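A.B. asks: Okay, structure incoming, though there's no sequence with it:
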């Protein structure tokens with residue numbers, strides 16, 4: 001554990017399926033992290049989120065519903081969910097036993113209660129769905145399960161949640177009064193891909209434990225699961241947040257509301273991630289159309305990316321160069337993303353993938369000095385002549401770095417419309433090779449250099465009198481002038497009259 005890490009008290013929500021555990025979880029954390037649906041068994045993995053209440057902090061965990069405990073009656077999902085819940089209970093400081101006040105006590109509630117008591121952990125009875133007035137008195141029947149007090153809540157109307165949280169604070173240890181260093185923001189890594197390519201297996205391999213559920217059935221993962229851990233890189237402990245996402249299927253094949261919500265969460269995970277690990281299946285036959293669709297989503301998000309070609313143990317007889325050529329041909333826009341061949345099931349090359357993640361993270365924080373950047377861009381223009389239109393060539397004046405992750409550069413030029421797409425791609429590749437921006441998309445913005453301002457000495461300024469007359473809009477009056485010879489003409493007329 002590093003110096004900035006402090007173990008928060010852990011509160012785990014448990015109960016039978018479809019009693020409102022995920023709705024309570026979302027109501028407490030104040031956002032929709034867990035998918036809520038009337039269908040039973042939507043939540044399968046553990047979801048965790050920090051909670052702050054009255055200046056105290058704890059970690060809240062949502063779990064799947066505990067179903068049939070009999071080995072004869074339980075199916076594959078019951079067994080897998082049960083293992084996830086058992087792991088959560090083992091690390092818990094307090095258990096919230098959630099029941100449905102509208103249905104009352106059912107036999108499965110009694111089985112769950114007996115199983116939780118065997119763990120020896122403190123338990124709070126929390127009947128949910130107390131939406132109507134009068135259900136508070138009905139909830140008292142749950143004291144028959146051996147609890148002195150019950151804490152009915154309504155996640156829909158947020159009724160009783162404050163009272164429940166006050167009781168939670170009384171049952172967890174108060175933090176020690178000491179100053180802790182500020183915890184840095186974790187490096188967010190989203191693991192995305194189409195269904196059944198081994199995303200959850202890869203997450204478990206990176207963590208070194210069975211943290212998320214894995215099966216051969218496509219669509220096992222439904223929520224986007226945030227998992228925080230610490231990654232070692234060159235004697236440095238780096239805080240990382242892994243985001244395991246649901247498999248992204250084609251829209252025409254999405255046949256349930258739960259899958260729609262899962263796809264939306266996966267898309268949001270890409271947007272908020274610092275790095276995307278794009279999991280594909282290593283195969284000499286190339287990738288699928290859905291792989292190309294997911295790669296387009298990653299490119300549009302402008303996120304750093306690493307391609308993890310999973311299940312390499314199946315096609316290890318094929319040369320890597322052949323597999324890479326086929327992959328690059330299928331995903332032409334992902335040429336900036338490095339490819340690592342791994343086998344999550346066998347744990348093959350996982351260490352190399354972790355080193356690659358740390359390498360991309362380090363490059364994402366690099367800032368290029370302006371003087372060095374201008375020398376490199378000038379060298380790029382000298383090595384490859386810029387395009388021209390007629391007698392006017394594309395010219396570069398000045399460059400600066402405006403941001404990183406992804407690296408963003410601003411180039412001041414004469415006319416940005418002269419730069420062709422091929423030359424822009426050449427500039428990106430030249431910058432990537434010069435500064436080793438592996439796995440990072442490079443964004444270049446072209447700006448025309450501002451025109452010179454005309455000197456004030458060449459501008460004719462009106463006199464004060466002219467400006468005043470223009471303001472008053474008064475016509476200019478010319479003085480009466482006497483024409484030459486007018487006096488002689490007057491004298492001649494007088495003589496003629498005499």
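C.D. replies: Perfect, I can see it now. This structure is a prediction, so every number in the text was calculated from the model and none was measured.

A.B. asks: from here on, contacts and neighbour counts on C-alpha atoms
C.D. replies: Noted.

A.B. asks: tell me the contacts of residue 433?
C.D. replies: Counting by C-alpha atoms under 8 Å, 6 or more residues apart in numbering, residue 433 touches no other residue.

A.B. asks: so what's the backbone phi/psi at it?
C.D. replies: phi -70, psi -30 (degrees, to the nearest 10).

A.B. asks: pLDDT score assigned to it?
C.D. replies: Residue 433 is assigned 89 on the pLDDT scale.

A.B. asks: Residue 23 reaches residue 155, doesn't it?
C.D. replies: Yes - counting by C-alpha atoms under 8 Å, residue 23 does reach residue 155; the two are 6.0 Å apart.

A.B. asks: what about residue 162, which SS state?
C.D. replies: Classification of residue 162 using DSSP: H, G, I helix; E, B strand; the rest coil returns helix.

A.B. asks: Model confidence for residue 195, exactly?
C.D. replies: Listed pLDDT for residue 195 reads 80.

A.B. asks: Give me the distance between it and residue 330.
C.D. replies: 18 Å (C-alpha to C-alpha, to the nearest Å).

A.B. asks: Compare those two and say which one has the larger neighbour count.
C.D. replies: Comparing residue 195 with residue 330 by neighbour count (other C-alpha atoms under 10 Å), the higher total belongs to residue 195, at 21 against 16.

A.B. asks: quick one: secondary structure of that one?
C.D. replies: coil.

A.B. asks: what are the phi and psi values for it?
C.D. replies: Dihedral angles (degrees, to the nearest 10) for residue 195: phi -60, psi 150.

A.B. asks: got it, and residue 341?
C.D. replies: Phi and psi for residue 341, reported as degrees, to the nearest 10, are phi -90, psi 120.

A.B. asks: what does the one 4 residues further on give?
C.D. replies: Listed backbone geometry of residue 345 is phi -70, psi -40, with angles given as degrees, to the nearest 10.

A.B. asks: where does the stretch 251-400 of the chain have low pLDDT?
C.D. replies: Applying pLDDT under 70 to the stretch 251-400 of the chain picks out residues 251-266.

A.B. asks: What ranges does it have for its helices?
C.D. replies: Secondary structure of the stretch 251-400 of the chain by DSSP state H, counting those that start in this stretch: the helices cover 257-272, 289-301, 320-330, 350-364, 370-383.

A.B. asks: Mean neighbour count, the ones you listed: which tops it?
C.D. replies: Comparing the helices of the stretch 251-400 of the chain by mean neighbour count (mean count of other C-alpha atoms under 10 Å), helix 257-272 ranks first with a mean of 19.

A.B. asks: Can you give me the pLDDT of residue 36?
C.D. replies: Note on residue 36: pLDDT of 44.

A.B. asks: again with residue 97
C.D. replies: 92.

A.B. asks: Does it fall in a helix, a strand, or a coil region?
C.D. replies: What three-state DSSP gives for residue 97 is strand.

A.B. asks: wait, what's in contact with it?
C.D. replies: 13-15, 113, 123-127.

A.B. asks: Recalculate using a threshold of 7 Å.
C.D. replies: 13-15, 123-126 (C-alpha atoms under 7 Å, 6 or more residues apart in numbering).

A.B. asks: So which residues of the stretch 1-150 of the chain form strands?
C.D. replies: Taking DSSP state E, counting those that start in this stretch to define them, one finds strands in the stretch 1-150 of the chain at 10-15, 47-53, 56-62, 94-100, 123-128.

A.B. asks: got a markdown table for the ones you listed, with distance to residue 392 too?
C.D. replies: Formatted as a markdown table, those follow (distance: least, C-alpha to C-alpha, whole Å):
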| stretch | distance to residue 392 |
| --- | --- |
| strand 10-15 | 67 |
| strand 47-53 | 59 |
| strand 56-62 | 63 |
| strand 94-100 | 73 |
| strand 123-128 | 73 |
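
A.B. asks: wait, which of those strands is closest to residue 85?
C.D. replies: Residue 85 lies closest to strand 10-15 among the strands of the stretch 1-150 of the chain, at 7.6 Å (C-alpha to C-alpha).

A.B. asks: can you list the domain ranges for the protein.
C.D. replies: As assigned by automatic domain parsing, the chain contains the domains 10-171, 187-364, 370-448.

A.B. asks: So which residues of the stretch 151-300 of the chain form strands?
C.D. replies: 187-192, 225-233, 236-244, 275-281.

A.B. asks: List the neighbouring strands of the first one plus their orientation.
C.D. replies: The reference is to strand 187-192. Strand pairing for strand 187-192, using DSSP bridges, gives strand 236-244 (parallel), strand 275-281 (parallel).

A.B. asks: can I assume residue 347 is in contact with residue 205?
C.D. replies: Yes - here residue 347 lies in contact with residue 205, judged by C-alpha atoms under 7 Å, at a distance of 6.3 Å.

A.B. asks: of those two, who's got more company?
C.D. replies: It is residue 205, of residue 347 and residue 205, that has more neighbours when counted by other C-alpha under 10 Å, with 20 against 15.

A.B. asks: Distance check, that one against residue 395.
C.D. replies: Distance from residue 205 to residue 395, by C-alpha to C-alpha: 50 Å.

A.B. asks: on that earlier part again, output the strands of the stretch 151-300 of the chain in a markdown table; the columns should cover distance to residue 293 and mean neighbour count.
C.D. replies: Shown next, in a markdown table, are the strands of the stretch 151-300 of the chain (distance: least, C-alpha to C-alpha, whole Å; neighbours: other C-alpha atoms under 10 Å):
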| stretch | distance to residue 293 | mean neighbour count |
| --- | --- | --- |
| strand 187-192 | 12 | 25 |
| strand 225-233 | 22 | 17 |
| strand 236-244 | 19 | 19 |
| strand 275-281 | 12 | 26 |
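
A.B. asks: looking at those, which has the lowest confidence?
C.D. replies: Of all the strands of the stretch 151-300 of the chain, the minimum mean pLDDT falls on strand 225-233 (a mean of 72).

A.B. asks: Give me the phi and psi for residue 403.
C.D. replies: phi 180, psi 170.

A.B. asks: do the same with the one 3 residues further on
C.D. replies: Torsion angles at residue 406 (phi, psi; degrees, to the nearest 10) stand at phi -80, psi 160.

A.B. asks: these two touch, right, it and residue 440?
C.D. replies: Yes - judged on C-alpha under 7 Å, residue 406 makes contact with residue 440 at a distance of 5.9 Å.

A.B. asks: Between those two, tell me which one has more neighbours.
C.D. replies: When residue 406 and residue 440 are compared for neighbours, residue 440 comes out ahead with 25 against 20, by other C-alpha under 10 Å.

A.B. asks: Please tell me how far that one sits from residue 377.
C.D. replies: To residue 377, residue 440 is 18 Å away according to C-alpha to C-alpha.

A.B. asks: Indicate which one of the strands paired with strand 187-192 is closest to residue 144.
C.D. replies: That would be strand 236-244 among these, by C-alpha to C-alpha, at 40.1 Å.

A.B. asks: Between helix 350-364 and that closest one, find me the angle.
C.D. replies: Counting by axes from the mean of the first three to the mean of the last three C-alpha atoms, to 10 degrees, strand 236-244 lies at 100 degrees to helix 350-364.

A.B. asks: Where does pLDDT dip in the stretch 101-250 of the chain?
C.D. replies: In the prediction, the stretch 101-250 of the chain carries residues with pLDDT under 70 at positions 133-137, 175-184, 209-225, 232-235, 246-250.

A.B. asks: let's go with 80 and repeat that
C.D. replies: Scanning the stretch 101-250 of the chain for pLDDT under 80 picks out the ranges 132-139, 174-185, 196, 200, 208-238, 244-250.
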